[in-house]
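*Asks:* kindly return the folded structure for what I paste below:
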Amino acid sequence: MPLTTSFPLTATLLLFAGLTDCQALNRFTQESYDCTATAAPLGRIVFTKTSQGAVGVIEGASPDKITITAITDTQIDADWGGEPVQIQRGTGRVLFTRNAIVSSYACKAAQFRM
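*Replies:* Presented below is the predicted three-dimensional model:
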């Protein structure tokens with residue numbers, strides 16, 4: 001009898017473990033782009049949530065908030081004080097568009113998960 005009850009229990013546990021998303025186990029995720037070593041108009045961009053509509057923090061410039069307008073696995077499109085900002089998530093390249101002039105900066109991308 002113990003063999004027949006333990007098999008369905010084991011199978012259920014294995015199925016549940018296989019379907020569990022490891023992202024849910026992360027309690028905190030932070031994505032940042034450090035531009036202090038460049039001539040960028042800001043020091044650092046920090047996102048604690050990376051979803052459309054999420055608001056990040058700008059360090060070293062005003063306004064100090066940046067809003068994500070679109071996001072993919074490779075790119076973040078954002079709005080910073082009414083001006084579009086495009087961030088390449090893999091390389092850390094940040095493109096600012098001001099008065100129809102596009103400026104590109106090689107910032108350092110970092111991701112922290114806990």
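*Asks:* before we move on, which element is P8 in?
*Replies:* Secondary structure from DSSP states H and E places P8 in helix 2-19.
*Asks:* no, scratch that, I was asking about I68
*Replies:* Taking DSSP H and E as the definition, one finds I68 inside strand 65-71.
*Asks:* can you show me the strands along this structure?
*Replies:* If DSSP state E is used as the criterion, the strands of the chain fall at 29-34, 44-47, 55-59, 65-71, 75-80, 83-88, 93-98, 101-106, 108-113.
*Asks:* pull the number of nearby residues for the residue nearest to D34 when sequence neighbours are not counted.
*Replies:* Spatial nearest neighbour of D34, excluding adjacent residues (C-beta to C-beta, 6 or more residues apart in numbering): K108 at 4.4 Å. Every C-beta, even on glycine, is put in place using the N, C-alpha and C of the backbone. Neighbourhood size, K108 [other C-beta atoms under 10 Å]: 14.
*Asks:* what do you get for I71?
*Replies:* Here the count is done by other C-beta under 10 Å, and I71 has 18 residues near it.
*Asks:* who's in contact with the closest residue to it other than its chain neighbours?
*Replies:* Excluding its sequence neighbours, the residue lying closest to I71 (C-beta to C-beta, 6+ apart) is Q52, at 5.7 Å. The neighbourhood of Q52, defined by C-beta atoms under 8 Å, 6 or more residues apart in numbering, consists of 68-71.
*Asks:* which of those count as buried?
*Replies:* 68, 71 (16 or more other C-beta atoms under 10 Å).
*Asks:* please convert the contacts of Q52 to JSON lines, extending it with distance to M114 and pLDDT.
*Replies:* Supplementary listing: the contacts of Q52 in JSON lines, determined by distance: C-beta to C-beta, whole Å; pLDDT from 0 to 100:
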{"residue": "I68", "distance to M114": "21", "pLDDT": "98"}
{"residue": "T69", "distance to M114": "27", "pLDDT": "98"}
{"residue": "A70", "distance to M114": "26", "pLDDT": "97"}
{"residue": "I71", "distance to M114": "21", "pLDDT": "96"}
